[in-house]
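Asker: Here is my input, please return the structure:
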Amino acid sequence: MSEPSLVTRDLTIRFGGHVAVNQVSCAFHPGELTVIVGPNGAGKTTYFNLISGQLMPTSGSVSKGATDITRMSPSTRVHHGVGRAFQLTNLFPQLTVLENIRLAVQARSADSWRIFRPAASFTALTAKAEYYLEKTRLTKLAHQLASALPHGDQRKLEVALLMAMEPDIYMFDEPTAGMSLDHAPDVLELIAGIKADRSKTVLLVEHKMEVVRALADRIIVLHNGELLADGAPGTVMASDVVRDVYLGGATEETA
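Answerer: Have a look, this model is predicted:
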């Protein structure tokens with residue numbers, strides 16, 4: 001197996017007397033899609049927040065390759081190749097679809113600081129943005145405001161923004177939350193396409209078992225902030241302990 005692209009070591013966070021994530025150690029590898037599951041309040045999104053930098057740990061560490069990113073801000077982690085899509089869409093609502101993606105491309109480019117240069121002069125940036133529009137089948141919506149898009153297309157736009165940042169690590173927090181049955185397959189197909197690139201590492205928080213079965217190479221189960229199980233999907237989901245804790249517990253969750 002290749003060297004890990006992302007490692008958490010004894011990752012822990014306390015809120016007062018409550019330990020939300022407790023000494024979670026995991027290594028994630030390129031070419032692998034890991035789904036993180038667990039009952040309500042298990043610590044899944046908190047663990048995600050620690051990896052992406054929205055929260056700072058009480059103890060433990062996060063490494064991207066050989067680089068310790070534990071105390072880096074979320075924006076700095078993005079420049080180190082850690083990209084995240086949130087459970088709720090995180091867009092610029094009063095900009096068009098194309099403008100949203102062009103900003104993401106610009107943020108990744110060497111010209112990211114030149115914010116007062118006319119947008120029309122960024123020919124190469126616009127061309128690259130159009131490439132991601134095409135990859136995510138949003139070309140026909142290029143000049144619509146993000147706020148005017150149906151929820152399903154907003155989720156596709158968020159995936160396009162993440163792809164435009166060209167991360168090595170892709171993190172998705174319940175990517176099909178709130179989506180209709182018609183739109184969910186489009187987003188899952190985009191994630192499957194990212195997974196097919198064996199240089200990328202994909203982490204996914206999800207509770208819909210049909211999504212887990214369709215995409216997972218590996219499943220991690222968190223319970224009360226601790227790592228309960230880690231392994232191949234069939235092995236993990238066949239475990240009596242996992243079935244009691246996860247399948248026998250709440251399945252509609254937001255934690």
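
Asker: the strands in the stretch 151-255 of the chain, which residues?
Answerer: Ranges of strands within the stretch 151-255 of the chain are 169-173, 201-205, 218-223, 226-231, based on DSSP state E, counting those that start in this stretch.

Asker: what's the third one packed up against?
Answerer: With contacts taken as 3 or more C-beta pairs under 8 Å, 6 or more residues apart in numbering; DSSP states H and E, strand 218-223 sits against strand 18-28, strand 33-37, strand 226-231, helix 233-238. Backbone N, C-alpha and C define where each C-beta goes, glycine included.

Asker: Make TSV out of those and add mean neighbour count and mean pLDDT.
Answerer: What follows is those, written out as TSV (neighbours: other C-beta atoms under 10 Å; pLDDT from 0 to 100):
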stretch	mean neighbour count	mean pLDDT
strand 18-28	18	97
strand 33-37	24	95
strand 226-231	18	95
helix 233-238	16	90
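
Asker: just to revisit the earlier point, between the strands of the stretch 151-255 of the chain, which one is closest to T12.
Answerer: strand 226-231 (10.1 Å; C-beta to C-beta).

Asker: Run the angle between the closest one and strand 18-28 for me.
Answerer: 20 degrees (axes from the mean of the first three to the mean of the last three C-alpha atoms, to 10 degrees).

Asker: Given strand 226-231, what are its sheet partners and their directions?
Answerer: Take DSSP bridges as the rule and strand 226-231 pairs in its sheet with strand 218-223 (antiparallel).

Asker: if we look at the strand it pairs with, which residues are touching it?
Answerer: Strand 218-223 is contacted from outside by 21, 24, 26, 32-39, 42-44, 47, 212, 227-233, 236-237, 242, 245-246, using C-beta atoms under 8 Å, 6 or more residues apart in numbering.

Asker: can you pull the contacts of the residue nearest the centre of the chain?
Answerer: Central residue of the chain (C-alpha atoms, centre = their mean): M171, 1.7 Å from the mean position. Residues near M171 by C-beta under 8 Å, 6+ apart: 48, 51-52, 82-85, 202-204.

Asker: same question, T139
Answerer: 130, 133.

Asker: which of the contacts of M171 sit farthest apart?
Answerer: V82 and L204 (14.5 Å).

Asker: circling back to that earlier point, could you provide the helices and strands packed on strand 218-223 in a markdown table, with additional columns for distance to S61?
Answerer: What follows is those, written out as a markdown table (distance: least, C-beta to C-beta, whole Å):
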| stretch | distance to S61 |
| --- | --- |
| strand 18-28 | 10 |
| strand 33-37 | 18 |
| strand 226-231 | 16 |
| helix 233-238 | 25 |
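
Asker: These: which one's closest to A192?
Answerer: Short answer: strand 33-37, nearest of the helices and strands packed on strand 218-223 by C-beta to C-beta, at 8.5 Å.

Asker: circling back: for the helices and strands packed on strand 218-223, which one sits closest to E3?
Answerer: Nearest to E3 among those is strand 18-28 (9.0 Å), distances taken as C-beta to C-beta.

Asker: Could I have the CA atoms of that closest one written out in PDB?
Answerer: What follows is strand 18-28, C-alpha atoms only, in PDB (Å, rounded to 0.1, in the frame of the first residue of the first chain):
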ATOM      1  CA  HIS A  18     -17.400  16.500  27.300                       C
ATOM      2  CA  VAL A  19     -14.900  14.600  25.100                       C
ATOM      3  CA  ALA A  20     -16.400  14.800  21.600                       C
ATOM      4  CA  VAL A  21     -13.500  13.000  19.800                       C
ATOM      5  CA  ASN A  22     -11.300  10.800  21.900                       C
ATOM      6  CA  GLN A  23      -7.800   9.700  20.700                       C
ATOM      7  CA  VAL A  24      -8.800   8.800  17.100                       C
ATOM      8  CA  SER A  25      -5.800   7.600  15.100                       C
ATOM      9  CA  CYS A  26      -6.300   6.800  11.400                       C
ATOM     10  CA  ALA A  27      -4.300   6.800   8.200                       C
ATOM     11  CA  PHE A  28      -5.900   7.500   4.900                       C
END
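
Asker: Cool, thanks, talk later.
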